[in-house]
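S.K.: Test case, fold it:
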Amino acid sequence: MSKRYKQLVEKIDNTKVYSVSEAATVVKDLKSAKFDETVEIALNLNVDPRHADQMVRGAVVLPHGTGKTVRVAVFAKGAKADEALAAGADIVGTDDLVQQIKDGIFNFDVVVAAPDCMGLVGQIGRILGPKGLMPNPKTGTVTPDVATAVANVKGGQVTFRVDKKGNIHAGIGKVSFDADKIAENLTSFIGAINKHKPASAKGRYIKNAALSLTMSPALKLDIVALLDIR
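M.R.: Numbers count the residues shown, from 1 in each chain. Below you'll find the model as predicted:
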């Protein structure tokens, strides 16, 4: 453990669990990198994603955005293509966009698709899937309302999906954000997680939760308080 990291650890009280507001304030004091570190939430859920009815997956638009500039590619044609461009899409196309992706050119971070273009997207599913770029109705990236989808992604939408061990990780802002904005983003994210609780999930839904920066140790969050967020 480096001297810098030890100094950060000393700023955390490992005997307590932090409320959302406390954690948002303390995490700002853990900044040590020269860049604007991401505020990261890590959750462990009491679900078994091997069962389809316990898969937790969705998206939430954070009230203060993520602090990241997101480039959006949209599969759309006709009026939908015009709507996507007007909403701020970086790239809009059909066959030409398919070819670009086949050529290994990925100058975008998120893919949105109109339903009538999913046949085209299916041609490159094996390329997009492993990169986490495949559009999906559950995350709002397959929709006839491409303009809203683009606006949401540009405005700070965060997608989440539980992994095989029940973990979810997400960036919910930057350390340069005011503490109250970090707290509000965190509250919105946890609220979305709680709304996606599977009906078949038993016991305490959120088992563990921690807040950290890209280069910092983590703060343990008060699980009981998190479970009350709606």
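
S.K.: ok, then the element right after the longest helix seen in the chain?
M.R.: Secondary structure assigned by DSSP state H gives helix 179-195 as the longest helix of the chain. Past helix 179-195, further along toward the C-terminus, the next helix or strand under DSSP states H and E is strand 206-213.

S.K.: Check which helices and strands that following strand is in contact with.
M.R.: Other elements packing on strand 206-213 under the criterion 3 or more CB pairs under 8 Å, 6 or more residues apart in numbering; DSSP states H and E are helix 20-28, strand 38-45, helix 179-195, strand 219-220, helix 223-227. Where you see a C-beta, it was placed from the backbone N, CA and C, and this is true even at glycine.

S.K.: JSON lines for the ones you listed, including mean neighbour count, distance to Gly125 and mean pLDDT?
M.R.: Below are the helices and strands packed on strand 206-213 laid out as JSON lines (neighbours: other CB atoms under 10 Å; distance: least, CB to CB, whole Å; pLDDT from 0 to 100):
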{"stretch": "helix 20-28", "mean neighbour count": "20", "distance to Gly125": "38", "mean pLDDT": "96"}
{"stretch": "strand 38-45", "mean neighbour count": "21", "distance to Gly125": "27", "mean pLDDT": "98"}
{"stretch": "helix 179-195", "mean neighbour count": "20", "distance to Gly125": "26", "mean pLDDT": "98"}
{"stretch": "strand 219-220", "mean neighbour count": "20", "distance to Gly125": "39", "mean pLDDT": "96"}
{"stretch": "helix 223-227", "mean neighbour count": "15", "distance to Gly125": "35", "mean pLDDT": "96"}
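
S.K.: want to throw these into a markdown table with distance to Met134?
M.R.: Below are these laid out as a markdown table (distance: least, CB to CB, whole Å):
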| stretch | distance to Met134 |
| --- | --- |
| helix 20-28 | 32 |
| strand 38-45 | 22 |
| helix 179-195 | 20 |
| strand 219-220 | 33 |
| helix 223-227 | 30 |
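
S.K.: check contacts around Leu213.
M.R.: Leu213 is in contact with 27, 30-33, 37-40, 175, counting by CB atoms under 8 Å, 6 or more residues apart in numbering.

S.K.: quick check, nearest of the residues you listed to Ile12?
M.R.: Set against Ile12, the nearest of the contacts of Leu213 by CB to CB is Leu30 (7.7 Å).

S.K.: Tell me if the closest one really is in a helix.
M.R.: No. Leu30: not assigned to a helix; according to DSSP: H, G, I helix; E, B strand; the rest coil it is coil.

S.K.: so what's the residue nearest to it when sequence neighbours are not counted up against?
M.R.: Spatial nearest neighbour of Leu30, excluding adjacent residues (CB to CB, 6 or more residues apart in numbering): Ser216 at 3.9 Å. Contacts for Ser216 were tallied using CB under 8 Å, 6+ apart; they are 8, 27, 30-32, 37.

S.K.: which SSE is Ser216 in?
M.R.: Secondary structure assignment for Ser216, by DSSP H and E: no helix or strand.

S.K.: And the pLDDT for it?
M.R.: Looking at Ser216, its pLDDT stands at 93.
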